[in-house]
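Undergrad: turn this into a model:
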Amino acid sequence: MPDPDDTTPEREPRAGDRGDAVPHMSGAEFRALGRRMVDWVADYWERVEGLPVLSRVAPGDVLAGLPTAPPEAALAGWDEVFADLERTILPGITHWQSPNYFAYFSANASGPAVLGELLSAGLGVQGMLWATSPACTELETRVMDWLGGMVGLPGAFLSTSEGGGGVIQGTGSDSALVSLLAARERALSRFAGRDRRAAMARLVAYTSNQAHSSIVKAAMIAGIAQGPGDDDAVRLIGVDAECSMRPALLEGAIRADLRDGLIPFYVNATVGTTGTTAIDPLGAVADAAAAGSAGGGLPWLHVDAAHAGAACVCPEFRAWIAGVDRYDSFYFNPHKWLLTNFDCSAFWTRDRRTLTRALSVTPEYLRNEASESGAVIDYRDWQVPLGRRFRALKLWFVIRHYGVEGLRAYIREHVRLAGAFESWVRADPRFEVPVGRTMNLVCFRLRGRPGEGAGATDARTKALMDAANATGRVYLTHTALPAREGAAADEPRIVLRMNVGSTPTRERHVRAAWDLLRSLA
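TA: As a prediction, the model looks like this:
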């Protein structure tokens, strides 16, 4: 065994080995550099609080610090790499792991997850088939059943059911796409040949106008929509004052499309919209889809809970997904708010046969005895790419390290901190909270001044965010609320988004962010 204190290992080529010319890293070198890199990451986590959250480099600055040509000779020593990390890379990082990161949604990382990622990379598993690494497949199946139970999914979504099961996709966009492809397959299964091709042009999907852009993009990739503004292919349903989908409008749209000879094939309901974390009423949306499509075939029903689904590990938040038993697929991203670093999108379906029928292509070189037996899962049939990493390891490590109770405590603390921030905003007469808080996101803005137009109020709100971000002490983002039915034309629409969800964020960070905003207001 190498000396664990040895920090200056050297490569040890073997005489007569024709591979000596290839400068592979020796085991001793890997151990030493691995310790050094882990130390660097641990040190980074400890000092990130003091770094400007939003990167301050100008376009091209990082490029200017990098050679235009690759090195011809092998690296003589890694000191220069670590120097480049500090000199060139770190200044170009927007620090998503900062406790002062309150923008977009979080991208959680944690020690157990990073160790799982390291192990996955070291094992180098290609998990496209059960046969190519049984542990990669079966651990994923078990962990997805764990996670499905943890968030309260019905048994029909688990692998132990006749038709369900879960799989780890790369991102929410992947989950949206595979659900839409399964919906397309189900809708077109009634047709053949030219009739099938003609039916493609009649497919229509539905989601709220507050849904994530991945739904429209999935329709574009699937050949349903011609572009992001193709309203004939993707109907964007209006929302209420709390930015939740209005089921009556959905029902009316489906009825109208059926009358016009179109095929309603897919309905996406969002639990925790990107802009405001609004929650579509799953039961009422399912009722509307059923009523609107009576006699025309029920569309595939999908739930996008990308961010909010993590909170369902806490029983008190599971009312958000009441009615999910009537849906065909559901997903959320542990890489957002459940301490599992990117990428890790957890997707479940009650109809794995339709999903795999939509995605399975089996050339001869992939055929094997285990797959042909039908006794195993080949997750390559559950996703768009063929190849797949051993992502279940990091999720397994996170669940085992924190336990369900630890994960619940994590979620509850962020929700508590967001509630505290909301109370501070509401107590300051210069600010207002125009939409209700559902979880860990607070949408707020400056209150309009007497005689001030909406444009000026929006500009002041945006300027406040820009000033706060320019200090380097916080990072917030904004969104525009949809125009309310019957509202005055000059109603302000810009709101700032305060998302409390980073791994190291504590109350003192949230309080400091509020103090900064107050001083700048």
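Undergrad: restricting to C-alpha, output stretch 373-385 in CSV.
TA: Only the C-alpha atoms of stretch 373-385 are listed here, as CSV (Å, rounded to 0.1, in the frame of the first residue of the first chain):
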residue,chain,number,x,y,z
SER,A,373,-36.1,-13.5,-21.2
GLY,A,374,-38.2,-10.5,-20.2
ALA,A,375,-37.1,-10.9,-16.6
VAL,A,376,-35.0,-7.7,-16.4
ILE,A,377,-35.4,-4.0,-17.0
ASP,A,378,-33.3,-2.4,-19.7
TYR,A,379,-33.4,1.3,-18.9
ARG,A,380,-32.1,2.3,-22.3
ASP,A,381,-35.8,1.7,-23.4
TRP,A,382,-37.0,4.3,-20.9
GLN,A,383,-34.9,7.2,-22.2
VAL,A,384,-33.8,9.0,-25.4
PRO,A,385,-30.0,8.2,-25.3
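Undergrad: list of residues touching it?
TA: 127-131, 134, 137, 140-141, 159, 165, 167, 169-170, 174, 177-178, 347, 352, 355-356, 359-360, 366, 370-371, 386-388 (C-beta atoms under 8 Å, 6 or more residues apart in numbering). Every C-beta, even on glycine, is put in place using the N, C-alpha and C of the backbone.
Undergrad: give me that answer again for 7 Å
TA: 127-130, 137, 140-141, 167, 169, 174, 177-178, 355-356, 359-360, 370-371, 386, 388 (C-beta atoms under 7 Å, 6 or more residues apart in numbering).
Undergrad: pull out the buried residues from it.
TA: Neighbour counts using 16 or more other C-beta atoms under 10 Å place 376-383 of stretch 373-385 among the buried residues.
Undergrad: can you give me phi and psi for the residue lying closest to residue 169 once chain neighbours are set aside?
TA: Nearest residue to residue 169, sequence neighbours excluded (C-beta to C-beta, 6 or more residues apart in numbering): residue 345, at 4.2 Å. Dihedral pair for residue 345: phi -110, psi 120, per degrees, to the nearest 10.
Undergrad: gap between residue 345 and residue 398?
TA: Counting by C-beta to C-beta, to the nearest Å, the separation of residue 345 from residue 398 is 15 Å.
Undergrad: farthest pair in the buried residues of stretch 373-385?
TA: Spanning the widest gap among the buried residues of stretch 373-385 are 376 and 383, at 16.0 Å by C-beta to C-beta.
Undergrad: tell me which of the contacts of stretch 373-385 fall in strands.
TA: 167, 169 (DSSP state E).
Undergrad: separation between the closest residue in space to residue 483 that isn't next to it in sequence and residue 445?
TA: Nearest residue to residue 483 in three dimensions, chain neighbours excluded: residue 493, at 7.0 Å (C-beta to C-beta, 6+ apart). Using C-beta to C-beta, residue 493 is found at 9 Å from residue 445.
Undergrad: coming back round to it: OK, contacts around the residue nearest to residue 169?
TA: 168-172, 174-175, 331, 333.
Undergrad: could you do residue 371 as well?
TA: Neighbour list for residue 371: 129-131, 378 [criterion: C-beta under 7 Å, 6+ apart].
Undergrad: isn't the residue nearest to residue 483 right next to residue 478, touching?
TA: No - with contacts counted by C-beta atoms under 7 Å, residue 493 stays clear of residue 478, the gap being 10.1 Å.
Undergrad: stretch 437-453 - what's its average pLDDT?
TA: Confidence for stretch 437-453, expressed as mean pLDDT, is 92.
Undergrad: strands along this structure, start to end?
TA: 165-169, 203-208, 234-237, 263-270, 300-304, 329-332, 345-349, 431-432, 441-446, 477-480, 494-499.
Undergrad: could the ones you listed be laid out in JSON lines, adding distance to residue 64?
TA: Output for these, formatted as JSON lines (distance: least, C-beta to C-beta, whole Å):
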{"stretch": "strand 165-169", "distance to residue 64": "37"}
{"stretch": "strand 203-208", "distance to residue 64": "42"}
{"stretch": "strand 234-237", "distance to residue 64": "42"}
{"stretch": "strand 263-270", "distance to residue 64": "41"}
{"stretch": "strand 300-304", "distance to residue 64": "40"}
{"stretch": "strand 329-332", "distance to residue 64": "40"}
{"stretch": "strand 345-349", "distance to residue 64": "35"}
{"stretch": "strand 431-432", "distance to residue 64": "41"}
{"stretch": "strand 441-446", "distance to residue 64": "37"}
{"stretch": "strand 477-480", "distance to residue 64": "27"}
{"stretch": "strand 494-499", "distance to residue 64": "32"}
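Undergrad: nearest to residue 520, out of these?
TA: Between these, strand 441-446 lies closest to residue 520; by C-beta to C-beta that is 10.6 Å.
Undergrad: in that closest one, what's buried?
TA: 441-446.
Undergrad: tell me the strands beside that strand, with direction?
TA: Its sheet considered, strand 441-446 pairs with strand 431-432 (antiparallel), strand 494-499 (antiparallel) by DSSP bridges.
Undergrad: so how far is stretch 302-309 off the chain centroid?
TA: 9 Å (C-alpha atoms, centre = their mean, to the nearest Å).
Undergrad: and the contacts of that stretch?
TA: 105, 151, 172, 176, 179, 211-212, 266, 268-272, 277, 282, 320-321, 324, 327-333, 336-337, 439.
Undergrad: give me the buried subset of those residues.
TA: Buried among the contacts of stretch 302-309 (16+ other C-beta under 10 Å): 105, 151, 172, 176, 179, 211-212, 266, 268-272, 277, 282, 320-321, 324, 327-333, 336-337, 439.
Undergrad: among those residues, name the ones in helices.
TA: Mapping those onto helices (DSSP state H) picks out 172, 176, 179, 282, 336-337.
Undergrad: how about the residues you listed in JSON lines, adding pLDDT?
TA: Converted to JSON lines, these look like this (pLDDT from 0 to 100):
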{"residue": "172", "pLDDT": "92"}
{"residue": "176", "pLDDT": "95"}
{"residue": "179", "pLDDT": "97"}
{"residue": "282", "pLDDT": "97"}
{"residue": "336", "pLDDT": "95"}
{"residue": "337", "pLDDT": "95"}
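Undergrad: wait, which of those residues is closest to residue 62?
TA: Using C-beta to C-beta, the shortest approach to residue 62 within these belongs to residue 336, at 26.0 Å.
Undergrad: for the closest one, give me its contacts.
TA: 105-108, 306-307, 310.
Undergrad: rerun at 6 Å
TA: Counting by C-beta atoms under 6 Å, 6 or more residues apart in numbering, residue 336 touches 105-106, 307.
Undergrad: what's the burial count for residue 283?
TA: Using other C-beta atoms under 10 Å, residue 283 is surrounded by 15 other residues.
Undergrad: so what's it up against?
TA: Contact partners of residue 283, counting by C-beta under 6 Å, 6+ apart, are residue 323.
Undergrad: pLDDT score assigned to it?
TA: Residue 283 is given a pLDDT of 96.
Undergrad: same check on residue 15?
TA: pLDDT, residue 15: 47.
Undergrad: cool, residue 419 as well?
TA: Predicted confidence (pLDDT) for residue 419: 97.
Undergrad: which residue, other than its chain neighbours, is closest to it?
TA: residue 437 (7.1 Å).
Undergrad: quick one: the one you found and residue 422 touch, right?
TA: Yes - Residue 437 lies in contact with residue 422 (C-beta atoms under 6 Å); the separation is 5.2 Å.
Undergrad: which residue sits closest to residue 89, ignoring its sequence neighbours?
TA: Residue 89 sits nearest to residue 62 (C-beta to C-beta, 6+ apart), 7.5 Å away.
Undergrad: what distance separates stretch 457-477 from the centre of its chain?
TA: 25 Å.
Undergrad: for that stretch, give the mean pLDDT please.
TA: The average pLDDT for stretch 457-477 rounds to 95.
Undergrad: and the contacts of it?
TA: Here stretch 457-477 has contacts from 52-54, 100-104, 445-446, 448, 478, 492, 494, 496-497, 513, 516-517, 520, using C-beta under 6 Å, 6+ apart.
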